[in-house]
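Novice: I'll drop the sequence and a predicted model, then ask my questions.
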Amino acid sequence: MKRFSFIALFLAILPFLAGNARAAAIEDSLTCNESAHEFISGLIARKLIDPKPMKVESNSINAFWPARGQHMTAYGFSVFAVVGFQKDDPLFQTGDGKPIAASAYGAVVVGTQANVQAALTAAGNAAIVHHAGPLLTAIFCQQD
């Protein structure tokens, strides 16, 4: 069963590993100098993400898929999903628990936590780096 799960995960992320030639780099927006509204609405305006979240966590984090046919990178890593929430903003849905922060956003990338942390450190970015799953790491900005 573990073998099947790994194969399924690999096949799911394979499109994100190939074809960075036409990828939109979003690291300039991941420097934690803007609000979640600015970050997410900018990606929607550029048609890089679907405007409707695929999932809303209990802590109100909204997860957005890349738009069909779009590919984004952050610090050289393929973006798997984009996340965000801003209190009292109609762009975001609210979960059934306590919101994580007044404003929070980021990107989930394909890469190990150590490699992503090294890339952010080399770029001088102090964003939060968090393990999000097998080969998935979140780059996260939070403002209270």
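Specialist: Sure, I can see it.
Novice: report the beta-bridge partners for the spatially most central residue of the chain.
Specialist: For the chain, Ala107 is the residue whose C-alpha lies nearest the centre (Cα atoms, centre = their mean; 1.7 Å). Taking DSSP bridges, one obtains Val82, Ile139 as the residues bridged to Ala107.
Novice: which ones are touching it?
Specialist: Ala107 makes contact with 26, 30, 72, 74, 79-83, 138-139, according to Cβ atoms under 8 Å, 6 or more residues apart in numbering. For every residue, glycine as well, the C-beta is placed using N, CA and C.
Novice: where does Asp28 sit: helix, strand or coil?
Specialist: helix (DSSP: H, G, I helix; E, B strand; the rest coil).
Novice: quick one: it from Leu135, how far?
Specialist: 24 Å (Cβ to Cβ, to the nearest Å).
Novice: more crowded one of those two?
Specialist: Leu135 (17 against 9; other Cβ atoms under 10 Å).
Novice: let's see the pLDDT reported for the residue nearest to that one when sequence neighbours are not counted.
Specialist: Excluding the flanking residues, the one nearest Leu135 by Cβ to Cβ, 6 or more residues apart in numbering is Val110, at 5.8 Å. Each residue has a pLDDT score; the one for Val110 is 98.
Novice: wait, Val110 touches Tyr75, no?
Specialist: No. If you go by Cβ atoms under 8 Å, Val110 and Tyr75 don't touch, sitting 11.6 Å apart.
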